[in-house]
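**Q** here is a sequence together with a model predicted from it:
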Amino acid sequence: MASPSTLAKSALFTALVPGTVAVAIPQLLRAWRPHPRLPVDSRVARLLGGASLLSGTLLYFHTTVQFATEGDGTPSPTDEPEELVTGGLYAHVRNPMYVGVLLIVLGQALLHRSVAVCWWAVGCWIGFHNRVVEFEEPHLAEKHGESYERYCERVPRWVPRLRPPQR
């Protein structure tokens with residue numbers, strides 16, 4: 001069970017960082033730059049956008065709770081889990097939390113048919129990819145050594161594997 005302080009720190013981090021990246025900035029972009037619009041039928045955009053937004057939100061919150069319960073840590077780089085979290089969704093993809101945030105941004109781009117928010121999603125993915133490759137992966141390799149290297153061999157970075165690999 002996660003401690004109340006870990007959950008509180010996770011909630012604060014979520015409000016400040018993913019809340020800004022995935023909610024506040026897309027809303028500002030949508031209001032600032034309402035045109036041009038994505039060439040998608042509004043009903044299709046609402047359906048796909050809603051599904052993306054909901055799945056991204058559930059994915060992000062599930063992985064945040066998993067960090068707290070499995071690793072006794074938060075999504076914040078200053079309070080990361082001590083243990084390498086490899087179970088649950090992390091058995092299928094190494095960065096499900098980032099995937100969740102991207103799905104939230106993409107969902108808003110579709111819901112509002114906003115080209116500006118769509119470009120924000122592309123920029124976020126590039127930034128997330130660079131952060132993962134240049135900082136997080138070397139840091140985790142140094143911290144967890146061979147167990148992290150084996151994990152990287154089994155689990156893809158971005159595109160989820162539908163079944164966990166055979167051991």
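**A** Received, thanks.

**Q** any idea how far the closest residue to residue 74 other than its chain neighbours is from residue 102?
**A** Leaving aside its sequence neighbours, residue 74 sits nearest to residue 10 (CB to CB, 6 or more residues apart in numbering; 4.4 Å). (C-beta placed from N, C-alpha, C; glycine too.) As defined by CB to CB, to the nearest Å, residue 10 lies at a distance of 19 Å from residue 102.

**Q** could you pull out the helices for the protein?
**A** Ranges of helices within the chain are 4-16, 18-19, 25-32, 42-71, 96-111, 115-131, 137-144, 146-154, based on DSSP state H.

**Q** nearest to residue 82, of the ones you listed?
**A** helix 42-71 (6.3 Å; CB to CB).

**Q** list the contacts of the most centrally placed residue in the chain.
**A** Nearest to the geometric centre of the chain sits residue 98, at 2.1 Å (CA atoms, centre = their mean). Going by CB atoms under 8 Å, 6 or more residues apart in numbering, residue 98 touches 128, 132.

**Q** low-confidence stretches in this protein?
**A** 163-167 (pLDDT under 70).

**Q** let's see that with 80 instead.
**A** For the chain, residues meeting the criterion pLDDT under 80 lie at 1-2, 33-35, 161-167.

**Q** okay then, goodbye and thanks.
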